[in-house]
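Q: Got a predicted structure here, sequence first:
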Amino acid sequence: MSLPPLVEPAAELTVDEVRRYSRHLIIPDVGMDGQKRLKNAKVLCVGAGGLGSPALMYLAAAGVGTLGIIEFDEVDESNLQRQIIHSQADIGRSKAESARDTVKGINPYTDVILHEMRLEADNVMDIFSQYDLIVDGTDNFATRYLVNDACVLLNKPYVWGSIYRFDGQASVFWSEHGPCYRCLYPEPPPPGMVPSCAEGGVLGVLCASVGSIQVTEAIKLLAGVGDPLVGRLMIYDALEMQYRQVKVRKDPDCAICGENPTVTELIDYEAFCGVVSDEAQEAAAGSTITPKQLKEWIDDDESIEIIDVREPNEYEIVSIPGARLIPKNEFLMGTALQDLPQDKKIVLHCKTGVRSAEVLAVLKSAGFSDAVHVGGGVIGWVNQIEPEKPVY
C-alpha cells in the first residue's frame, strides 16, 4: 500500500547537511525532497531500551530533524548487552539523558526533546500530539495498548516492534489506512502467560534487527516512499534466519477502530492487562513474606520447603540457599503437585514475586492453605540478604 508523505519538506538543506546526507540524496526514491521531509519530521521514540537504542541512533543518523525520547528509567549494567545507545560510563544515569548525548554525538543537527516520565493515560495525548510519528519500543502489554489507543484517537501512525529471545515482530499501525494493534491482538494474554524479556531473556543483537526494521518503516512513512508494513506483520526467527509475513486485516468489530467502537477514550490499562491475575492477588493477600522473614525461618530451622519457580537458566545465575527448582509451568500443568511435601510449609519465590504469586494461587486451590511466597523474589533476597551475589 503506497501512502503519501507524512510531512512536508523543510525549506532547504545546508551545505553541511548535503555533505552529511549525500548517500541518501543520490537515491532516486529519497533525493533532496525526501531528505528535506526527514529534516522537517518530528518522531517520538517510546523507550530508550533494546528497541529504542538502534531506533534513535539510526533515526538521528538518517537526518530526522526532531527526536523525542520518553523514558523514566536509569541505565543498569544488565541493559548494556542490548541497549547499545548507553555505555559503561552511563550506569546509574538517566536513560533519557544518556540517549540524548549519544544522539547528539551522532548528529548535532537533530534536536532532542526529553520527556523524563512514565508514559501514562494522563500525559500520553499531550505528548503524542507534538509529533508526526511514534516509534513504539515498549516491553509490556499495558503500555502497548496505551500507545495504540492514543494513536488511534489522535489519528497518528506508529511503528511497532516486539522482541523475545530469538524472535521478533514488527508492523505499522495506522487506523486511517489499515488495522491497529487491537485488530491483531484484541485482548492481552492472561497475566503471567507471556514472560517478559526480563524473565525469559532476549538475544541482544535481535534488538538491532527489529529496531532497524522500525526505522526503515519510519523513513518510508515520513518520506512517502515504498510500501509500508500497514496491514502486514513481519515475523523474524533469528535461529532459523527466516523472515515471513502475515496479513493483518482491519477488524470491523475492533473495540477502538471498528465500525461501532466501544473504547472511545483512554482506559485503565494496568487493570485491562492485569499485571497480576485476580486469583494471584487474592492468594498473595496475607500470604506474602519478606526476604528477611525467610532468612529468619532458615536460621531458626523452621520446617519449610523453599521452591524456586523460575527457569533453570535463571536458577544457574543466582539462587536462594536451599531452594529447590520447580519451574512455574510444571505447577500450571499439575505435574509438580505430587512432589510437594505435606509436612512442611511451602515457600515459593521467583525473580520479583509475580510468577510465584501465580503459582501460589495454584497451590491454594490444591489445598496447600499455609503456602506463602516471597515478595520481591530473589532480587529482593540479594538486595537485602546477600548483596555480593549477582542479579540479572
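A: Looks like it arrived, so ask away. Numbers count the residues shown, from 1 in each chain.

Q: switch to C-alpha atoms for all contacts and neighbour counts from now on
A: Noted.

Q: What are the boundaries of the strands in the stretch 101-250 of the chain?
A: Assigned strands in the stretch 101-250 of the chain, in chain order: 111-115, 133-136, 158-164, 167-173, 232-237, 242-247 (criterion: DSSP state E, counting those that start in this stretch).

Q: Nearest to Leu337, out of the ones you listed?
A: Closest of the strands of the stretch 101-250 of the chain to Leu337 is strand 158-164, at 29.3 Å (criterion: C-alpha to C-alpha).

Q: Mind putting the strands of the stretch 101-250 of the chain into a markdown table with mean pLDDT, distance to Val18 and mean neighbour count?
A: Formatted as a markdown table, these follow (pLDDT from 0 to 100; distance: least, C-alpha to C-alpha, whole Å; neighbours: other C-alpha atoms under 10 Å):
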| stretch | mean pLDDT | distance to Val18 | mean neighbour count |
| --- | --- | --- | --- |
| strand 111-115 | 98 | 18 | 18 |
| strand 133-136 | 98 | 24 | 24 |
| strand 158-164 | 97 | 27 | 25 |
| strand 167-173 | 98 | 29 | 24 |
| strand 232-237 | 98 | 33 | 19 |
| strand 242-247 | 97 | 35 | 11 |
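
Q: Can you lay out those as CSV showing distance to Leu337?
A: As requested, these are exported to CSV (distance: least, C-alpha to C-alpha, whole Å):
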stretch, distance to Leu337
strand 111-115, 48
strand 133-136, 41
strand 158-164, 29
strand 167-173, 32
strand 232-237, 35
strand 242-247, 39
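
Q: Could I get the phi/psi values of the residue nearest to Ile85 when sequence neighbours are not counted?
A: Nearest residue to Ile85, sequence neighbours excluded (C-alpha to C-alpha, 6 or more residues apart in numbering): Ser53, at 4.9 Å. Main-chain torsions, Ser53, degrees, to the nearest 10: phi -60, psi -60.

Q: pLDDT score for Ser53?
A: In the predicted model, Ser53 carries a pLDDT score of 98.

Q: Please apply the same query to Arg324.
A: On the pLDDT scale, Arg324 gets 96.

Q: Next: Gly192.
A: Looking at Gly192, its pLDDT reads 62.

Q: cool, the one 5 residues further on as well?
A: Cys197 is assigned a predicted lDDT (pLDDT) of 73.

Q: Look up how far Pro189 lies from the closest residue to it other than its chain neighbours.
A: Excluding the flanking residues, the one nearest Cys197 by C-alpha to C-alpha, 6+ apart is Tyr164, at 5.9 Å. Tyr164 is 15 Å from Pro189, where distance means C-alpha to C-alpha, to the nearest Å.

Q: Could you check stretch 115-132 and say which residues are buried?
A: By 16 or more other C-alpha atoms under 10 Å, the buried positions in stretch 115-132 come out as His115, Leu119, Ala121, Val124, Met125, Phe128, Tyr131, Asp132.

Q: The fifth one contacts Ala150, correct?
A: Yes. Taking contacts as C-alpha atoms under 8 Å, Met125 lies within contact range of Ala150: 6.2 Å.

Q: quick one, what contacts Leu348?
A: Applying C-alpha atoms under 8 Å, 6 or more residues apart in numbering, we find Leu348 in contact with Ile306, Ile307, Asp308, Val309, Ser356, Val359, Leu360, Ala371, Val372, His373, Val374.

Q: which outside residues touch the helix or strand encompassing Lys39?
A: Using DSSP states H and E, Lys39 sits in helix 31-40. Contact with helix 31-40 is made by 7-13, 21, 24-25, 62-66, 219, 222-224, as judged by C-alpha under 8 Å, 6+ apart.

Q: Using CSV, write out every CA atom in that helix.
A: In CSV, the C-alpha atoms belonging to helix 31-40 read as follows (Å, rounded to 0.1, in the frame of the first residue of the first chain):
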residue,chain,number,x,y,z
GLY,A,31,16.6,12.5,-3.1
MET,A,32,16.5,16.1,-1.9
ASP,A,33,12.8,16.2,-1.4
GLY,A,34,12.8,13.1,0.8
GLN,A,35,15.7,14.3,2.9
LYS,A,36,14.0,17.7,3.4
ARG,A,37,11.0,15.8,4.7
LEU,A,38,13.1,13.9,7.2
LYS,A,39,14.7,17.2,8.3
ASN,A,40,11.2,18.6,9.0
